[in-house]
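Enquirer: only geometry, no sequence info:
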Ligand SMILES: NC(=O)C1=CN([C@@H]2O[C@H](COP(=O)(O)OP(=O)(O)OC[C@H]3O[C@@H](n4cnc5c(N)ncnc54)[C@H](O)[C@@H]3O)[C@@H](O)[C@H]2O)C=CC1
Ligand SMILES: O=C(O)C(=O)Cc1ccc(O)cc1
């Protein structure tokens, strides 16, 4: 919002699910537009979007386009591409800005260049935030806080349009990263799409084994759940991601197969040193990944602590650390095994802080795992 009031007259959010609904909620809070209208094939999603105040009105695509300065396509990628063609057929007014939130960028950016008339801007977008959940019920105005939000403008795009979208993304709490669509798709193939496929495959493998032995599901504990959480994602969304980024995934699958072969070689040769180095290097790289806390991106040092399932245990742990002058950044309860002890995840700003805390808690009888 500017001092004069909302910067935009109308934002049209097409696809009011997790991502579109969350953007609408964040923009309502920030007061960036006089009205935010919603379009969706699901009457239920529109009803909920109205109820929670994400949108002011539900409209058809054609009506929503009229007077919209910004149109956000937030359906599965292939669906958003079809919507783009529909919008083009309505001859949107020059100066209209269209963006999307899809997980792949080359296909939709090319389609926009192909179908949109001169004077209508398309800037691809991809918020690197979300979850395995879908639908408006899972939407939150805080989803984008401190998240990286990629924008992929065409080389000839007007700087004022890029700035307009940048301001809106920042108003939702996210941090803008400008990339070209090719680079974006290569990066996300490795950090998002391949991991998703692997998670789904792990689930399939255990599900198949579980057909003959129900104990597989019984033993599918914390580690399996952590590494496969994303496999609960929306199947249509992931189908479209693979359909539009297959060529970037193919070399990664080849590499993956080679790495599995190498690993099998170490196992066959009983090469403990190679195996240990493999796991050590993976743990070091994983531990040094920046976490996106409030404010800047900071490194995080973590440990997990087994704790009895009793009231006030978080307070006890936090007090112990506080009294020893150890600066604890964050404390979170990890999924606890039913009727049994739970686990806390502790995050520190420094490695020394984490190590000091681990020693102190161990001295007080807690079982501490210094890595997560
Ligand atoms: N789920 C996630 O964590 C993330 C998803 N994305 C991308 O965001 C997009 C949306 O994903 P979600 O919000 O998670 O999905 P969602 O399933 O929660 O929402 C999609 C919405 O689009 C609607 N829709 C489908 N076809 C439509 C059409 N032809 N016209 C109007 N509405 C239509 C659906 O009814 C639904 O309300 C996808 O392209 C996905 O790749 C991007 C970042 C994170
Ligand atoms: O569930 C998670 O942690 C995710 O990583 C969600 C997600 C899914 C798809 C995207 O394009 C971006 C983020």
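Expert: Thanks, I have it. Worth saying up front: this structure is predicted, and the values here are computed from it rather than measured. Ligands and ions are numbered 1, 2, ... in the order given.

Enquirer: Could you pull up the contacting residues of the closest residue to residue 8 other than its chain neighbours?
Expert: In space, and not counting its chain neighbours, residue 8 is closest to residue 33: 4.0 Å by CB to CB, 6 or more residues apart in numbering. Every C-beta, even on glycine, is put in place using the N, C-alpha and C of the backbone. Contact analysis of residue 33 by CB atoms under 8 Å, 6 or more residues apart in numbering lists 6-11, 27, 69-70.

Enquirer: near ligand 2, which residues of the stretch 101-250 of the chain show up?
Expert: For the stretch 101-250 of the chain, the contact set with ligand 2 under CB under 6 Å from any ligand atom comprises 103, 128, 130-132, 192, 230.

Enquirer: Return the member of those residues nearest to residue 369.
Expert: residue 230 (22.8 Å; CB to CB).

Enquirer: Report the separation between the closest one and ligand 1.
Expert: Relative to ligand 1, residue 230 is positioned 9 Å away (CB to the nearest ligand atom, to the nearest Å).

Enquirer: now swap in residue 348 and tell me
Expert: Residue 348 is 28 Å from ligand 1, by CB to the nearest ligand atom.

Enquirer: partners of that residue in the sheet?
Expert: Under DSSP bridges, the beta-bridge partners of residue 348 are residue 301, residue 328.

Enquirer: ok, it - contacts?
Expert: The contact partners of residue 348, taken as CB under 8 Å, 6+ apart, are 300-302, 326-329, 354, 357.

Enquirer: so where do the helices sit in the stretch 251-372 of the chain?
Expert: With DSSP state H, counting those that start in this stretch, the ranges of helices along the stretch 251-372 of the chain come out as 272-287, 313-323, 351-363.

Enquirer: and of the ones you listed, who's closest to ligand 2?
Expert: The closest of the helices of the stretch 251-372 of the chain to ligand 2 is helix 272-287. By CB to the nearest ligand atom, the value is 14.9 Å.

Enquirer: Quick one: distance of that closest one to the chain centre.
Expert: 26 Å (CA atoms, centre = their mean, to the nearest Å).

Enquirer: tell me the mean pLDDT over stretch 70-79?
Expert: Averaged across stretch 70-79, pLDDT comes to 98.

Enquirer: can you give me the end-to-end distance of it?
Expert: One end of stretch 70-79 sits 18 Å from the other (CA to CA, to the nearest Å).

Enquirer: Is there proximity between that stretch and ligand 1?
Expert: Yes - Stretch 70-79 is in contact with ligand 1 by CB under 6 Å from any ligand atom, via 74-77, 79.
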